[in-house]
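[1] give the three-dimensional model of this entry:
(one chain, ligands or ions: 1)
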Amino acid sequence: MSDDLKDLFDNNRRWAGETESREPGFFSRLLGQQAPQYLWIGCADSRVPANELVGLLPGELFVHRNVANVVVHSDLNCLSVMQFAVDALRVRHIIVVGHSGCGGVRAALQDLRVGLVDNWLRHVQDVRNKHHAWLETVPQARRVDALCELNVLEQAVNACQTTVVRDAWARGQSVSVHGWVYGLHNGLLEDLRIDVGRADDVPAAYEHALAAVKARFEAPEEA
Ligand SMILES: [Zn+2]
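    Residues are numbered from 1 along each chain as shown. Model prediction:
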């Protein structure tokens, strides 16, 4: 094994040892079941470590990640994760998490040709095109982050429209959908204030959160 991979095994042995000594029986307890309360749908970006940045341990967060945290109605991968999380694990919260400075969002915004992923990022370009007129009013330097936030709102709405979530709501299961954005520059999560727990609430929640995003980007940038 090459040395750079061996480091990972060394780290792993240390992590497992420290975890077990801090909480004896930790791994054997997890064998029995996982009962996470949250499904995290985030970007694949290596700078956004889901569990770590919300201080959750293995077993506490169910995670799906893809480039630019997109929820596509025909993506069997994401839908399968959602279905298992909602129907089997009965998570109470589905959180779509974008992040500032997202490379996927930047590529979508600027029509950068990267490769196969361009096709995936068409979904983000749909968001860009939908909000094109407003985005043009945002100063260039803040436009990527503005689209990151719009993308979170649109993907959160997409999550609400899935059969998985709609069926859960129809049978009275308590599950809500949220949208957050993570700041690469400061390590802080911001709540985009879209919190939806019923099908009827989707349009108003979206409009409310959209107005808040717009207001923030129309205000002068904080020093
Ligand atoms: Zn990203």
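[2] pretty sure Ala146 sits against Gln140.
    No: Ala146 is beyond contact range of Gln140, at 10.4 Å (criterion: Cβ atoms under 8 Å). All C-beta spots, glycine's among them, are computed from the backbone N, C-alpha and C.
[3] out of these two, which sits in the busier spot?
    More crowded of Ala146 and Gln140, by other Cβ atoms under 10 Å: Ala146, with 23 against 7.
[4] low-confidence bits of the chain, can you list those?
    Residue ranges of the chain with pLDDT under 70: 222-223.
[5] show me which residues of it are close to the ion?
    With Cβ under 5 Å from the ion as the criterion, the chain meets the ion at residues 43, 45, 102, 104.
[6] switch these over to TSV; also include secondary structure.
    Below are these laid out as TSV (DSSP: H, G, I helix; E, B strand; the rest coil):
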residue	secondary structure
Cys43	strand
Asp45	coil
Cys102	coil
Gly104	helix
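[7] filter those down to the buried ones, PyMOL style.
    Restricted to buried positions by 16 or more other Cβ atoms under 10 Å, the PyMOL selection for the residues of the chain next to the ion reads:
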select buried, resi 43+45+102+104
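[8] from the residues of the chain next to the ion, which two are the most distant?
    Asp45 and Gly104 (8.1 Å; Cβ to Cβ).
[9] Arg143: which element?
    Assigned by DSSP states H and E, Arg143 belongs to helix 140-161.
[10] in that helix, which residues are buried?
    143-160.
[11] please apply the same query to stretch 46-56.
    48, 50, 53-54, 56.
[12] okay, those in CSV with secondary structure next?
    Below are the buried residues of stretch 46-56 laid out as CSV (three-state DSSP):
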residue, secondary structure
Val48, coil
Ala50, helix
Leu53, helix
Val54, coil
Leu56, coil
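[13] closest to the ion among those residues?
    The ion lies nearest to Val48 out of the buried residues of stretch 46-56, by Cβ to the ion, at 7.0 Å.
[14] could you give the backbone dihedrals for the closest residue in space to that closest one that isn't next to it in sequence?
    Spatial nearest neighbour of Val48, excluding adjacent residues (Cβ to Cβ, 6 or more residues apart in numbering): His99 at 5.1 Å. His99 adopts backbone torsions of phi -150, psi 150, taken as degrees, to the nearest 10.
[15] before we move on, the earlier item: which elements pack onto the helix or strand following the helix holding Arg143?
    Next helix or strand after helix 140-161 toward the C-terminus (DSSP H and E): helix 163-170. Using 3 or more Cβ pairs under 8 Å, 6 or more residues apart in numbering; DSSP states H and E, the elements in contact with helix 163-170 are helix 76-83.
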